[in-house]
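> could you look at this predicted model? Sequence included:
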Amino acid sequence: MTTNAPESLQIKPSWLATFKVYLEPPTVRMLLLGFSAGLPLLLVLGTLSFWLREAGIDRTTIGYLSWVGLAYAFKWVWAPLVDRMPIPLLTRWLGRRRSWLLLSQIAVMGGLVAMSFNDPKLALEPVVWGALAVAFGSATQDIALDAYRIESADTDRQAALAAAYQTGYRMAMIWAGAGVLWVAARAEVPGLASYQHAAWQTAYLVMAASMLLGMLTVLLSPEPAHRTLAPSKNMREWLQSALVEPFADFLRRYGQQALLILALIAIYRISDVVMGIMANPFYVDMGYTKDEVAAVTKIYGVIMTLAGAFVGGVLSMRFGVMRVLMLGAVLSAASNVLFAWLGSRGHDVQALIFVVSADNLSSGIASAAFIAYLSSLTNLNYSATQYAIFSSVMLLAPKFLAGYSGRYVDAFGYQHFFLATALLGVPVLFLVWAASRVKGAPVTS
């Protein structure tokens, strides 16, 4: 799915044609499926950290528990199974991609229900096991959905699909962030203690029910055109085609430049991921209420997220992915500096509005361009496995480093932490510049 023609020489679509892409059925489906993909992430990371901090769990423990998110970083291990292995009965009914999507969505829903019925203040371990189930189900959904997206349209429309996916994904994150706080606040009984498990239980059950949107979309969506795979004669041949060949194909096409590409993928989102774990504990410790955080992220977060994803997708189609990738890297690091400034303001809702708006805008732009970039690197014959490898590499180092974020904040404070995460983004700028000069071999299918 790569092209040899430099971005400057490719024919650009008209503005009207660019905007019409967002009304096509595959783009609308990707918006809804993006919502299903984005819902679980914060419920086992960001929002969960708010819940745990309010329940009295210390910041160091919260930081370590973010390693639940490493499930996303190791999804390449079972991606070949999702890419090749049929699910008895379900695959015959829905097809290879949709059957895995539905199964993973059921796993996410079950894990959220399990989390809701356990109070971390009384017993933290059952909540962790439920979070692990959600994380593994969500990572599996990502594998199947990335393949579904890549196989649903040609290269010219991948930026639009990525923008629609990212828009749905970010809207779901706002629902799983602001929405769950709003529901929990509404479910609290006035006059009782500030921490009420029953309120969080209600909120997480509502989130579990929200997965029904993705399930319905899967049931009503068409399966991508079936790609016939040559049958394997034995287990060794199957392992060769399912595990080894996706790696070998990428290395053949990019050679030594593959290391540069993987380095960029590994750290592109490091500023956002490392900072994000401590964002909600920061809000709690700064005295912001659930209603305040929910209101700010629900209104301004939604607007700026939609704007960011839309702008990122349009700019990528008009001016090339690499230019927007550089813009996103600069904005992501800069938004972390704003969080350091916010820490000096005390309880200031207006400042919170400004910082959250800027953060969501920059994240939307960066994510839309980055998803389109990753999609351009894949070969359709190994779309699920290769994209899972790329997205796993993207999360491994940031998630591991984020596990120590609580200890860092305890030692140096929030402002120092946010500035340090901004500096983590500086090497990204050089890698984007270097990767923009990489020319890959065309993909044949």
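Noted; the coordinates are in hand.

> Three-state assignment for the residue located most distally from the centre of the chain, please.
Residue farthest from the centre of the chain, counting by C-alpha atoms, centre = their mean, is residue 191 at 37.7 Å. Per DSSP: H, G, I helix; E, B strand; the rest coil, the secondary structure class of residue 191 is coil.

> give me phi/psi at it?
phi 90, psi -10 (degrees, to the nearest 10).

> need the helices for the stretch 301-445 of the chain, in chain order.
302-319, 321-343, 349-376, 383-402, 405-412, 414-423, 426-435 (DSSP state H, counting those that start in this stretch).

> which neighbouring elements make contact with the fifth one?
Helices and strands in packing contact with helix 405-412 are listed as helix 59-65, helix 414-423; criterion 3 or more C-beta pairs under 8 Å, 6 or more residues apart in numbering; DSSP states H and E. For every residue, glycine as well, the C-beta is placed using N, CA and C.

> hmm, who's touching that helix?
For helix 405-412, the external contacting residues (C-beta atoms under 8 Å, 6 or more residues apart in numbering) are 58-64, 66, 274-275, 277-278, 281, 417, 420.

> for residue 284, see how far away the closest residue in space to residue 342 that isn't next to it in sequence is.
Sequence neighbours aside, residue 355 is the residue nearest to residue 342 in space, at 4.8 Å (criterion: C-beta to C-beta, 6 or more residues apart in numbering). Counting by C-beta to C-beta, to the nearest Å, the gap from residue 355 to residue 284 is 16 Å.

> identify the residues contacting the residue nearest to residue 342.
Neighbouring residues of residue 355 by C-beta under 8 Å, 6+ apart: 335, 338-339, 341-342.

> could you identify the buried members of these?
335, 338-339, 342 (16 or more other C-beta atoms under 10 Å).

> quick one: low-confidence ranges for the stretch 1-150 of the chain?
1-23 (pLDDT under 70).

> tell me the helices in it, going along the chain?
Using DSSP H, counting those that start in this stretch, helices in the stretch 1-150 of the chain cover 15-20, 25-44, 46-54, 59-65, 70-73, 79-84, 90-94, 96-116, 124-151.

> C-terminal to the strand or helix carrying residue 258, what's the next element?
Assigned by DSSP states H and E, residue 258 belongs to helix 257-267. Counting by DSSP H and E, the element after helix 257-267 in chain order, helix or strand, is helix 270-276.

> right, and the helix or strand after that next one?
helix 279-285.

> put the alpha carbons of that next one into CSV.
Extracted C-alpha coordinates of helix 279-285, given in CSV (Å, rounded to 0.1, in the frame of the first residue of the first chain):
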residue,chain,number,x,y,z
ALA,A,279,-3.5,13.4,34.1
ASN,A,280,-6.5,12.2,36.1
PRO,A,281,-4.6,11.9,39.5
PHE,A,282,-3.4,15.4,38.7
TYR,A,283,-7.0,16.7,38.4
VAL,A,284,-8.0,15.0,41.7
ASP,A,285,-5.0,16.4,43.6
